[in-house]
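[1] What shape does this take:
(2 chains, ligands or ions: 1)
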Amino acid sequence: MSRNDASPQSDAADARRAELRRALAGVLPPSCLLFDAEQTAPFECDGLSAFRQAPLAVALPQTEAQVREVLHSCRRLNVPVVARGAGTGLSGGAMPSADGLVLSLAKLNRILDIDPVACTARVEPGVRNLAVSDAAAAFGLYYAPDPSSQIACSIGGNVAENSGGVHCLKYGLTVHNVLGVRGYTIDGEEVVLGGAALDTPGLDLLALAIGSEGLLMIVTEVTLRLIPKPKVAQVVMASFDDVVKAGDAIAAIIAAGIIPAGLEMMDRKATAAVEPFVRAGYDLGAAAILLAESDGTAEEVGDEIAGIERVLQAAGATRCTVSRSEAERLRFWSGRKNAFPAAGRVSPDYYCMDGTIPRKHLGHMLRAIEAMERKYALRCMNVFHAGDGNLHPLILFDAHREGEWDRADRFGADILELCVELGGTITGEHGVGIEKIGSMCVQFAATEREVFFGIKRAFDPAGLLNPGKAIPTLARCAEYGRMHVHDGQLAFAELPRF
Amino acid sequence: MEATLARLRERIAAAVAARTPLRPRGGGTKDFYAETLAGDVLDTREHHGILAYEPSELVITARCGTPLAEIEDALARQGQFLPFEPPAFGGEATIGGVIAAGLSGPRRASVGAARDFVLGAHLLDAHGDVLRFGGQVMKNVAGFDVARLLCGSLGVLGLITQVSLKVLPRPREEISLRFECGAVQALTMFQRWRAQPLPVSATCWHDGAAVARLSGSSSALRTACAALGGTPMNEADARAWWSSLREQTLDFFRNDETPLWRLSLPATASLDRSGGELIEWSGALRWLRSDAPAREIRALADALGGTAMLWRGARSASMFHPLAEVQRELHRRLKRQFDPHGVFSPGRMNEGW
Ligand SMILES: Cc1cc2nc3c(=O)[nH]c(=O)nc-3n(C[C@H](O)[C@H](O)[C@H](O)COP(=O)(O)OP(=O)(O)OC[C@H]3O[C@@H](n4cnc5c(N)ncnc54)[C@H](O)[C@@H]3O)c2cc1C
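    Below you'll find the model as predicted:
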């Protein structure tokens, strides 16, 4: 595991901290500045707690003007800045720089405006994802992207990671649901990208800003698209006696012209792990189960569910159950949503991957993972956002057993390499951060990585925003990424995991 | 490397060596869509062909010079389509041009823009390198989203040599409803619909009538029709009408004597001030014929929270709405990173580079 324990206790660090303290004291009230180790400790890592680093200081501005002033000071003093939302990221994107400031946007948490006519919400970056839908509910509207961390994660973090959820197949990712952002460059200059109008002139810089992992600008305001809440939702749960058949069934649904609101898959190891503690009613005899959701008006859902059932039967489903009530629908989903904690129950440690592949290779990938289980003598349970081809294989291991972590590490690296080989990607929704910085070298050639650095330089010539993340230098191109969970010590253990 | 790609690469290398500008061009149907046109034409049409298309993956990958019509035919045979309904503006349109222009048609307000369907792109840059961004999968957050940045880049960053696009099943059924009404009433109606779960896939108001297109399952359309009212249009007429809107062959778009302005505004912007004569995208796109000074029209768009493009007609001012200074500087820097010698389509998007 690469772990960075260097603590900035040197004299030079002390001097820098003192200098920063003087500068920020003129900008922020004392309650919004943390310098002592005990106070900054909670900011040492994000949801990927294996990667930690103490920062020089933490700033928690309350206004946009303060954000700009903090950036001005850091630019002047040449201090790196790592933005932080709720700290639920799973790739170490918000892990501090040893010589840098953590800029928490958590106190910028106001919903500025919900416009029920335009169907938009204007929010500060620290607003929690679910809070937007809660506030919009009064108007029959909601914000579609629903990462399973949505009770906790911030809109600013969602924008920085281009986060997804179980409903992206039909409703898109963050990039499809954000109309505009406002923010500041490290030079403290205001940047407005996109907005309430649908077309804006010039290059699509909004597309660059979304998913930029805090490397290009600090986002201080986001305009979101809200959509009307569907009247009805129902889910079909289907069993298959063979994983390849289940994979083919997914292709068959889409080939039939149906785009379900959610389309998920779990293999037998995953259902066996979750069933004892959620009692979702999964068919434990099945090699894999699929969950296919339909939403819309009652008529649409009726037609679509019938269509999905027909396709699944024809594709060889051994069992097909349709939820008959909202409670039952939620129960069918509960197992899927609790797959990560379940992994933590059946194994001392697990390692979650986040690759994406073309759907047609799902069966092939599952077979390959079975072969890898034998090769590395480790078990792996599979939960997939199957409709999107986004995989979350959970490799089970015990870090206390000699050599197991190394085997899990190589197992994961094999999966990611196979994702790239099959025409996919090393990360579908969790981001590169610090975790997958090595795997970026597998996916991108040096010339392509140089373009990423070029974009970084255009926004941040001094290289002060989240340095060392997301894009590997040539020197870094020797490592592969990983998510390592030790003894269940994953932050936010109470949240369901995808 | 394919021979056609190698030839494009040689042309670029030669242009860079001689510092002579180049202008990537497919069918030339969007030549009008430019601040200025400069440079030797780099014709992409030789580099054509669909590279991969599997309907169940919902992705099509094609070389830049592939005719849009060829792609739409291939999709139609499988009951699928490009949901953003790109305007072709002529049979010669290529997919590379469609993506480089980044224009979207009537369905834009309900399903998204061209950029929302871009999954991946290859870029042949000024160094002669073929760079691959994004891919052929639905979810991909590795690296900055350069594939989407290329959508609408008008060839100023380099040559897009191939693209992968997300496609969708065609709606099972469509029906268009006509409502005799004024523009204000139409906008109010569009607004009411937007906040409800209705299968409205496109709207337009022009010349005393609003038209709404509904797309979806027959049962959903039945319910929606009952709720909305209006007069159903004959199916063939409706199809032809939406196509003439998308391709701008309606009479309204034809007269080029008075400048035609394209205003991109918040959908709720007030009408009396925008004076839109043809309204699309539920109010977010308004077309205006006006001799008023560009300065005035732009100030109006600014005040309404949008921008104004001088779409067609005598060019008394820049085509594109000017960018804020910080944005302009970001554009300049990005341009330098991608195209340090300023070889690609200089002046097409912005005066000076
Ligand atoms: C239990 C659990 C379940 C999860 N499920 C999902 C899921 O289903 N789908 C999914 O996509 N992800 C999921 N995630 C990952 C995570 O929740 C998302 O990536 C989320 O968007 C991060 O938001 P955050 O506010 O916690 O950001 P942080 O972790 O604080 O930061 C993430 C990145 O954003 C940058 N950043 C934050 N705010 C700003 C800002 N205002 N301006 C610029 N940069 C900023 C940071 O520098 C960092 O690089 C899950 C995580 C957990 C712990």
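[2] Using the record's domain definitions, break the chain down for me.
    Here I'm looking at chain A. A:3-104, A:111-228, A:232-339, A:347-498 (automatic domain parsing).
[3] Let me rephrase: I mean chain B.
    Under the assignment automatic domain parsing, the domains of chain B span B:2-169, B:173-246.
[4] Can you tell me which of the ones you listed is packed in deepest?
    Among those, domain B:2-169 has the highest mean neighbour count (mean count of other C-beta atoms under 10 Å in any protein chain shown), at a mean of 21. Using the backbone N, CA and C atoms, a C-beta is placed for each residue, glycine as well.
[5] picking that back up, would you turn the domains of chain A into JSON lines with distance to B:Ser290, mean neighbour count and mean pLDDT?
    Converted to JSON lines, the domains of chain A look like this (distance: least, C-beta to C-beta, whole Å; neighbours: other C-beta atoms under 10 Å in any protein chain shown; pLDDT from 0 to 100):
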{"stretch": "domain A:3-104", "distance to B:Ser290": "37", "mean neighbour count": "19", "mean pLDDT": "91"}
{"stretch": "domain A:111-228", "distance to B:Ser290": "19", "mean neighbour count": "22", "mean pLDDT": "96"}
{"stretch": "domain A:232-339", "distance to B:Ser290": "41", "mean neighbour count": "20", "mean pLDDT": "94"}
{"stretch": "domain A:347-498", "distance to B:Ser290": "36", "mean neighbour count": "21", "mean pLDDT": "85"}
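[6] Pipe those into a markdown table and attach distance to B:Met319 per row.
    What follows is these, written out as a markdown table (distance: least, C-beta to C-beta, whole Å):
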| stretch | distance to B:Met319 |
| --- | --- |
| domain A:3-104 | 33 |
| domain A:111-228 | 9 |
| domain A:232-339 | 37 |
| domain A:347-498 | 24 |
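[7] Report the contact partners of B:Ala284.
    A:197-198, B:109, B:264-267 (C-beta atoms under 8 Å, 6 or more residues apart in numbering or on different chains).
[8] so which strand or helix has the closest residue to it other than its chain neighbours?
    In space, B:Ala284 comes closest to B:Ala267 once its chain neighbours are excluded; the distance is 4.2 Å by C-beta to C-beta, 6 or more residues apart in numbering or on different chains. If you go by DSSP states H and E, B:Ala267 is not part of any helix or strand.
[9] what's B:Leu330 sitting at in phi/psi?
    Note on B:Leu330: backbone dihedrals following degrees, to the nearest 10 are phi -60, psi -40.
[10] Contact partners for it?
    By C-beta under 8 Å, 6+ apart, the contact list for B:Leu330 reads A:191, A:205, A:458-459.
[11] okay, those residues in TSV with distance to A:Ile415 next?
    Listed next are those as TSV, based on distance: C-beta to C-beta, whole Å:
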residue	distance to A:Ile415
A:Val191	38
A:Leu205	34
A:Ala458	34
A:Phe459	33
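[12] check those residues against chain B, which are close?
    Among those, the residues that sit close to chain B (C-beta under 8 Å from any C-beta of the partner chain) are A:191, A:205, A:458-459.
[13] B:Ala238: which element?
    Element membership for B:Ala238, per DSSP H and E: helix B:235-246.
[14] What average pLDDT does that helix get?
    Mean pLDDT, computed over helix B:235-246, is 97.
[15] Show the residue spans covered by the strands in the stretch 151-300 of chain B.
    Per DSSP state E, counting those that start in this stretch, the stretch 151-300 of chain B carries strands over the ranges B:159-166, B:168-169, B:173-180, B:200-206, B:209-216, B:231-232, B:260-264, B:278-280, B:285-289.
[16] Can you pull the residues of the stretch 301-450 of chain A lying near chain B?
    Counting by C-beta under 8 Å from any C-beta, the residues of the stretch 301-450 of chain A near chain B are A:302-304, A:356-360, A:385, A:387-390, A:423-432, A:436, A:440, A:443-445, A:447-449.
[17] ok so, going back, reformat the strands of the stretch 151-300 of chain B into CSV and put distance to chain A and mean pLDDT next to each item.
    Listed next are the strands of the stretch 151-300 of chain B as CSV, based on distance: least, C-beta to the nearest C-beta, whole Å; pLDDT from 0 to 100:
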stretch, distance to chain A, mean pLDDT
strand B:159-166, 10, 98
strand B:168-169, 4, 96
strand B:173-180, 11, 98
strand B:200-206, 11, 97
strand B:209-216, 7, 97
strand B:231-232, 18, 98
strand B:260-264, 4, 96
strand B:278-280, 10, 97
strand B:285-289, 7, 95
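[18] returning to what we had before: from the contact counts, what lies against the helix holding B:Ala238?
    Judged by 3 or more C-beta pairs under 8 Å, 6 or more residues apart in numbering or on different chains; DSSP states H and E, helix B:235-246 is in contact with strand B:173-180, strand B:209-216.
[19] Just the C-alphas of that helix, formatted as CSV.
    What follows is helix B:235-246, C-alpha atoms only, in CSV (Å, rounded to 0.1, in the frame of the first residue of the first chain):
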residue,chain,number,x,y,z
GLU,B,235,-48.2,12.0,-39.0
ALA,B,236,-46.4,12.6,-42.3
ASP,B,237,-47.0,16.3,-42.1
ALA,B,238,-45.7,16.5,-38.6
ARG,B,239,-42.6,14.6,-39.6
ALA,B,240,-41.9,16.9,-42.5
TRP,B,241,-42.6,19.9,-40.4
TRP,B,242,-40.1,19.0,-37.6
SER,B,243,-37.6,18.1,-40.2
SER,B,244,-38.0,21.6,-41.8
LEU,B,245,-37.5,23.2,-38.5
ARG,B,246,-34.4,21.1,-37.8
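[20] Which residue ranges of chain B form helices?
    B:3-18, B:68-77, B:95-101, B:108-111, B:146-150, B:183-194, B:218-228, B:235-246, B:251-254, B:271-274, B:294-303, B:325-338 (DSSP state H).
[21] right, and those helices - which one's nearest A:Pro228?
    The closest of these to A:Pro228 is helix B:183-194. By C-beta to C-beta, the value is 7.9 Å.
[22] Not counting its own residues, what contacts that closest one?
    Under C-beta under 8 Å, 6+ apart, the answer for helix B:183-194 is A:117-119, A:228, B:179, B:181, B:200, B:203, B:205, B:210, B:212, B:228, B:267-268, B:271, B:276, B:279, B:282-283.
[23] Enumerate the residues of chain A near the ligand.
    With C-beta under 6 Å from any ligand atom as the criterion, chain A meets the ligand at residues A:46-47, A:82-90, A:93-94, A:105, A:125, A:147-149, A:153-154, A:156-158, A:160-161, A:163-165, A:213-214, A:218-219, A:429-430, A:466, A:492, A:495, A:497-498.
[24] and if you look at the stretch 251-353 of chain B?
    Within the stretch 251-353 of chain B, no position is near the ligand by C-beta under 6 Å from any ligand atom.
[25] List the contacts of the residue of chain B at minimum distance from the ligand.
    Evaluated by C-beta to the nearest ligand atom, chain B has B:Val141 as its residue closest to the ligand, separated by 8.1 Å. Contacts for B:Val141 (C-beta under 8 Å, 6+ apart) come out as A:161-162, A:211, A:425, A:427-432.
[26] Kindly report the same for B:Gly134.
    B:Gly134 neighbours (C-beta under 8 Å, 6+ apart): B:118-121, B:140, B:145-148, B:164.
[27] mind listing the helices for the stretch 201-350 of chain A?
    Chain-ordered helices for the stretch 201-350 of chain A, with DSSP state H, counting those that start in this stretch as the definition, fall at A:205-209, A:243-255, A:268-278, A:298-314, A:326-337, A:339-346.
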